[in-house]
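A.B. asks: Just to be clear, the model below is a prediction. Sequence and coordinates:
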Amino acid sequence: MSNRLTWSGLQVRFLALVSVYTPAEVVEETGFSIDTLRYYEKIGLLERVDRNAAGQRRFSQEDIGWLGMVRCLRDTGMPIATMLRFAELVRAGDHTVPDRIRLLEEHDRQVQAQIANLAERQSYIHHKISYYRSLL
């Protein structure tokens, strides 16, 4: 077995034990920039992140999980104001589950509309490709 594979295996086992992550690790894990993470914390989309004795941010596994949800919502076009509303609902407790469902169902309808729109545009592109191939 190569050293690289051994190190990778050790690294994976070590990371599974880690309960806090540096901003650089969170950037690598989530794809968000450090500036975006700071902004999300500032506006309340990400709850206040714990800090170490030197004042450096230390993210939890829960923070990373939440950022995964935020990444999904952002990548599917949910506006920040709606993400903030969703975050408020989550933090308010389980009694808001019906409201969360409604919010996500509405977003899902918008995503479905985007997918349909893209499918139409893709069909047009395929038509143009066929047309240009016929000219060859």
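C.D. replies: Okay, I see it. Quick caveat: nothing in here was measured; it's all calculated off a predicted structure.

A.B. asks: ok, which stretches of this structure are helices?
C.D. replies: Taking DSSP state H to define them, one finds helices in the chain at 3-17, 23-30, 34-43, 61-75, 80-92, 97-134.

A.B. asks: Would you mind giving those helices as CSV with distance to residue 52, mean pLDDT and mean neighbour count added?
C.D. replies: C-beta coordinates here come from the backbone N, C-alpha and C atoms, glycine included. Compiled in CSV, these are given as follows (distance: least, Cβ to Cβ, whole Å; pLDDT from 0 to 100; neighbours: other Cβ atoms under 10 Å):
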stretch, distance to residue 52, mean pLDDT, mean neighbour count
helix 3-17, 18, 47, 9
helix 23-30, 11, 94, 15
helix 34-43, 15, 97, 15
helix 61-75, 14, 96, 15
helix 80-92, 24, 98, 15
helix 97-134, 33, 98, 11
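
A.B. asks: okay, these in CSV with distance to residue 50 next?
C.D. replies: Shown next, in CSV, are these (distance: least, Cβ to Cβ, whole Å):
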stretch, distance to residue 50
helix 3-17, 18
helix 23-30, 12
helix 34-43, 11
helix 61-75, 9
helix 80-92, 16
helix 97-134, 25
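
A.B. asks: where's the residue most central in space within the chain relative to residue 30, distance?
C.D. replies: For the chain, the residue whose C-alpha lies nearest the mean C-alpha position (Cα atoms, centre = their mean) is residue 71; its distance is 1.4 Å. As judged by Cβ to Cβ, to the nearest Å, residue 71 and residue 30 stand 6 Å apart.

A.B. asks: Alright, calling it a day.
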